[in-house]
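Q: no FASTA, just this:
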């Protein structure tokens, strides 16, 4: 369903006050585990003035509070740890369970999302890329977005593709195409292109812009963990895992888990595949995640998960974007068979 049509349908259903009754009927037919996927919770102001990738912004703090209030009022938020205990027969899941997740580990997860979760007494899971936690450098894909946004006007070549950088719109298109290209090539090639890009265009983030795209530090991650927020692995350096050779794949999975367990003093049984779309993880990646000791893994493919028949190493998630209004958000949760992908 195209976005415009989906939002119109959601708005009509919301005005008719039929979402909750229809959702309750569906929950009696089959028991599902919806998993919400967020990246960033931040007010970006005038979007054309935002020098990083606005597509990583899932919600403003106000919208996130409204969404989490809806979740609290209609669902029971749990963690992946609860799911594992249920699979092991040690714990019974509540009715209408849901998991709230964040990818990457941006600072605004701590400054903007966590206060809302704390106020509403809701658990969540944050998947962090350990190589960036506590670093002054932002994530590689946001550095690409920044370089293209701040770069000089004119031609820009990446691989065999030539871009013409003029206005903000052309730079946003170039950003999307460049990141799509870089996540689709072998990891050594990605690293080589990044190095060449940084030689041609200054990727250094200005001090005045640094706070707009920054990872948490380890003290903040520990505080979240101690407060009951589940911390999962999102690898070390956030590559597309299917593009890694066996040695790099093992390092990304094992080392991120090792560091999290060492720093937090708790098991790390769940990982989210970076990017996580079709072709960005595969059977080899799932086998490597199993060998690295994970019990569950989340993809970034939109869809539903059937309790009792979970695809433990390719769990699907429901994407929340900055243009997801509350009616669409509610429809996505109450009627996932219409507003999300197929169940797995």
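A: Nice, I can see it. Computed from a prediction, not measured in an experiment: that's the story for all the values here.
Q: chain center to stretch 85-94, what's the gap?
A: Remark: stretch 85-94 is offset 25 Å from the chain centroid, using C-alpha atoms, centre = their mean, to the nearest Å.
Q: what's in contact with it?
A: 76, 78, 82, 83, 295, 307, 310, 312 (C-beta atoms under 8 Å, 6 or more residues apart in numbering). All C-beta atoms are positioned from the backbone trio N, CA, C, and that covers glycine.
Q: same check on stretch 41-57?
A: Defining contact as C-beta under 8 Å, 6+ apart, one finds that stretch 41-57 is touched by 39-40, 58-61, 64, 104, 106, 108-109, 112-113, 116, 138, 141-142, 145-146, 149-150, 168, 172, 175-176, 179, 209, 212-213, 321-322.
Q: before we move on, what about stretch 251-264?
A: 128-131, 218, 221-222, 225, 231, 233-237, 239, 241, 244, 267-268, 271, 288-289, 292-294.
Q: kindly state the pLDDT recorded for residue 155?
A: At residue 155, the model reports a pLDDT of 89.
Q: just grab the bridge partners of it for me.
A: The partner list for residue 155 in beta bridges (DSSP bridges) reads residue 164.
Q: so what's it up against?
A: By C-beta under 8 Å, 6+ apart, the residues touching residue 155 are 162, 163, 164, 165.
Q: now, of the residues you listed, which are buried?
A: 163, 165 (16 or more other C-beta atoms under 10 Å).
Q: how many residues are close by residue 224?
A: 24 (other C-beta atoms under 10 Å).
Q: helix or strand for it, which one?
A: For residue 224, the element it lies in under DSSP states H and E is helix 218-226.
Q: hmm, who's touching that helix?
A: 105, 107, 109-110, 114, 126, 128, 133-134, 216, 231, 263-264, 266.
Q: rebuild these as TSV, extending it with neighbour count, pLDDT and secondary structure.
A: Formatted as TSV, the contacts of helix 218-226 follow (neighbours: other C-beta atoms under 10 Å; pLDDT from 0 to 100; DSSP: H, G, I helix; E, B strand; the rest coil):
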residue	neighbour count	pLDDT	secondary structure
105	27	98	coil
107	19	98	helix
109	27	98	helix
110	20	98	helix
114	21	98	helix
126	26	98	strand
128	29	98	strand
133	20	98	coil
134	14	97	coil
216	24	98	coil
231	23	98	strand
263	15	98	helix
264	16	98	helix
266	13	97	coil
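Q: between the residues you listed, which is nearest residue 284?
A: residue 128 (23.5 Å; C-beta to C-beta).
Q: give the other helices and strands that the strand or helix carrying residue 180 contacts.
A: Using DSSP H and E, residue 180 falls within helix 168-182. If you count contacts as 3 or more C-beta pairs under 8 Å, 6 or more residues apart in numbering; DSSP states H and E, helix 168-182 packs onto helix 140-150, strand 154-158, strand 161-165, helix 187-200.
Q: in the longest one, what's buried?
A: If you call a residue buried by 16+ other C-beta under 10 Å, then helix 187-200 has these buried ones: 187, 190, 193, 194, 197.
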